[in-house]
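> no letters, just coordinates:
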């Protein structure tokens, strides 16, 4: 993924990971004031604008440093994405066999 284009399946998986982080930002953060709301909306927009895994990782790291601790689980998803992108070649996520899923988890 070093600057090269993602395959269709990798892009689909990346979009799902990005959507998950966006969902976590929408639902798991307590908003204390209007300033917090503005900041959270800004972070949500920045997540949706990310076009690469590297940018999403950097943004996730910034969120963690800002005190959004529930994003730590994203590291596992990033590792899963890298493993998936490097080792499994599929034309569609729907073709992912159950056996391949077990191998991914082990």
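Perfect, I can see it now. No experiment lies behind these values; they were computed from the predicted model shown. Residues are numbered from 1 along each chain as shown.
> for residue 21, what are phi and psi?
phi -60, psi -40 (degrees, to the nearest 10).
> is it correct that it is in contact with residue 55?
No: using CB atoms under 8 Å, residue 21 is not in contact with residue 55; the gap is 11.7 Å. The C-beta positions use only the backbone N, C-alpha and C, and glycine is treated the same way.
> which one's more surrounded, these two?
Between residue 21 and residue 55, counting by other CB atoms under 10 Å, residue 21 is the more crowded of the two (22 against 14).
> how about that one, nearest residue that isn't a chain neighbour?
In this structure, residue 21 finds its nearest non-sequential neighbour in residue 47, 5.4 Å apart by CB to CB, 6 or more residues apart in numbering.
> that neighbour is in contact with residue 57, isn't it?
No: under the criterion of CB under 8 Å, residue 47 makes no contact with residue 57, lying 11.7 Å away.
> so which of these two has more stuff around it?
Taking other CB under 10 Å, residue 47 and residue 57 do not tie; residue 47 has more neighbours (21 against 15).
> show me the contacts for that one.
18, 21, 22, 25, 56, 59 (CB atoms under 8 Å, 6 or more residues apart in numbering).
> in which helix or strand does it reside?
Assigned by DSSP states H and E, residue 47 belongs to helix 34-49.
> what residues sit buried inside the very next helix or strand once past that helix?
Per DSSP H and E, the first helix or strand lying C-terminal to helix 34-49 is helix 53-65. Residues of helix 53-65 classed as buried by neighbour count (16 or more other CB atoms under 10 Å): 53, 56, 59, 60, 63.
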